[in-house]
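Engineer: How does the following fold in three dimensions:
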Amino acid sequence: MEISAAAIIAAAGSGTRMGEAVPKQFLEINQRPLLLFAIEPFTRCAFIDTIIVVVPPAWVDQTTRWLATLSTGDRTMIVISGGSRRQDSVRGGLAQVSPNHEVVIIHDGARPLVTPALITRCYDAARRHGAAIAALPVTDTLKQADSGGTIRATIERAGLWRAQTPQAMQTALLRQAVARYSDDEVTDEAAMLEKAGIKAVVVTGESTNIKVTYPEDLTMVGAILAQSSPVHQRIGHGFDVHALVSGRKLILGGVEVAHHLGLAGHSDADVVCHALIDAILGAAGEGDIGTLFPDHDPAYKDADSRELLARVVDIVQEKRWRVANADITIVCQAPRLGMHIPEMRRLIAAACRVAPSSVNLKATTTERLGYTGREEGIACHAVVMIESAAAPLNRKAYE
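Structural biologist: Numbering: from 1, shown residues only. Model (predicted):
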């Protein structure tokens, strides 16, 4: 018979050793915070029906929004504020655990590569033995040194293990240990159980179950993800055209261009952003700009198309896609646009969350042929590549 379990994700630490402006669990890889990588494997374990995420008070709302992007089924997802110490956070998480949960599994929010298989092994061992922790046997030779760095002794490594998480235990045992020893200084739940005289068994952990502590750890996690997940890419094409009319501003790529004519349209009629939006939506299989932002909806009257572009980037990111690069061609007889290209690239890149070097933008004429050659309108073509899964490591923190 399967016993229901609750998971507590301990992610309230400050992570000061990373040297970043925000806690390490909120740094991103592949445009996702480490914390989501740590949580997602628990959503693939059928025996876990409640996940409690403990974060710093200032991150509760943002974490709640991130969890909304995960496929969690009918699980209960709870986000709470943590305390100044790990045991304070675990005690707060345990208060959210239902009496129906016979097993509690605790995991570090800074261990993003945990697998459902390891979670399951810890869960099974806790059911059989009362408590279990993931750990790896020490394989390096251990030396003891004095304060000056001089080696004093070699430590026998037989029987020594490096503790990891998950750490699983029957709920009643954890409540017993927390009630008596949560005010003591402990480094993990297993230490609290030891103080209470409760035995825990070791489950062989995984070498890839890295705890991100230093900047090089984040680089290693990115490399492992790149090796284990193939890069998926898609290409999309977008085209748009608007008529030139008097009495309108000419907005191209988010830049207001001085000209005696502007483009007609319900929004600001930025033909560059519109073509790029259609290219991105086409690559992601998410329809087109007219479906998403209909030209009869008053909400989009005179709308800033660069803001619409940023919203589209958000939409495809929720589907686990990101813009890799774009190549855009503006077809325009007049005015001349060369001096505006750098600023257009900068603004478009910012909306797409890529470097300006990932956006190529050029303008051409039709040698006075056709409607663009007669200066009746401006057209734009956009080709974009989007990618998912093991995209290159991006260490920018969420803000």
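
Engineer: Do you have the strands of the stretch 201-350 of the chain handy? List them.
Structural biologist: With DSSP state E, counting those that start in this stretch as the definition, the stretch 201-350 of the chain shows strands at residue ranges 201-204, 231-245, 250-252, 255-257, 262-263, 322-331.

Engineer: Quick check: which helices or strands does the longest one pack against?
Structural biologist: By that I understand strand 231-245. Packing partners of strand 231-245 (3 or more CB pairs under 8 Å, 6 or more residues apart in numbering; DSSP states H and E): strand 262-263, helix 271-284, strand 377-389. For every residue, glycine as well, the C-beta is placed using N, CA and C.

Engineer: quick revisit: can you tell which of the strands of the stretch 201-350 of the chain is closest to Ala21?
Structural biologist: Between Ala21 and the strands of the stretch 201-350 of the chain, the shortest separation by CB to CB is 22.1 Å, and it involves strand 322-331.

Engineer: Name the residues of the closest one that are buried.
Structural biologist: Of the residues in strand 322-331, 322-326, 328-331 count as buried by neighbour count, 16 or more other CB atoms under 10 Å.

Engineer: now the strands of the stretch 201-350 of the chain in TSV, with distance to Thr365?
Structural biologist: Putting the strands of the stretch 201-350 of the chain into TSV (distance: least, CB to CB, whole Å) gives the following:
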stretch	distance to Thr365
strand 201-204	68
strand 231-245	14
strand 250-252	15
strand 255-257	15
strand 262-263	17
strand 322-331	7
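
Engineer: Pipe those strands into a markdown table and attach mean pLDDT and distance to Ala349 per row.
Structural biologist: Converted to a markdown table, these look like this (pLDDT from 0 to 100; distance: least, CB to CB, whole Å):
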| stretch | mean pLDDT | distance to Ala349 |
| --- | --- | --- |
| strand 201-204 | 95 | 46 |
| strand 231-245 | 92 | 17 |
| strand 250-252 | 97 | 15 |
| strand 255-257 | 96 | 13 |
| strand 262-263 | 96 | 22 |
| strand 322-331 | 95 | 9 |
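
Engineer: And these: which comes nearest Gly285?
Structural biologist: Judged by CB to CB, the one of the strands of the stretch 201-350 of the chain that comes nearest to Gly285 is strand 231-245, at 7.9 Å.

Engineer: quick one, domains of this structure?
Structural biologist: Each domain of the chain is listed here as a residue range: 5-228, 231-389, per automatic domain parsing.

Engineer: that older thread, most tightly packed of the helices and strands packed on strand 231-245?
Structural biologist: Across these, averaging neighbours per residue (mean count of other CB atoms under 10 Å) puts helix 271-284 on top, at a mean of 26.

Engineer: how far is stretch 376-388 from where the chain is centred?
Structural biologist: Its chain's average C-alpha position is 27 Å from that of stretch 376-388, according to CA atoms, centre = their mean, to the nearest Å.

Engineer: now stretch 277-287
Structural biologist: The chain centre lies 21 Å from the centre of stretch 277-287; the measure is CA atoms, centre = their mean.

Engineer: Stretch 289-299 now?
Structural biologist: That offset, for stretch 289-299, works out to 29 Å (CA atoms, centre = their mean).

Engineer: before we move on, what about stretch 287-304?
Structural biologist: With CA atoms, centre = their mean, you get 28 Å for stretch 287-304.

Engineer: got it, and stretch 352-369?
Structural biologist: A distance of 29 Å separates the centroid of the chain from that of stretch 352-369, by CA atoms, centre = their mean.

Engineer: Repeat that for stretch 92-106.
Structural biologist: For stretch 92-106, the distance between its averaged C-alpha position and the chain's averaged C-alpha position is 26 Å (CA atoms, centre = their mean).

Engineer: Quick one: mean pLDDT for that stretch?
Structural biologist: Along stretch 92-106, the predicted confidence averages to a pLDDT of 94.

Engineer: What of stretch 176-184?
Structural biologist: The average pLDDT for stretch 176-184 rounds to 85.

Engineer: Show me which residues of it are buried.
Structural biologist: Along stretch 176-184, the positions that meet the burial threshold by neighbour count (16+ other CB under 10 Å) are 176-178, 181-182.
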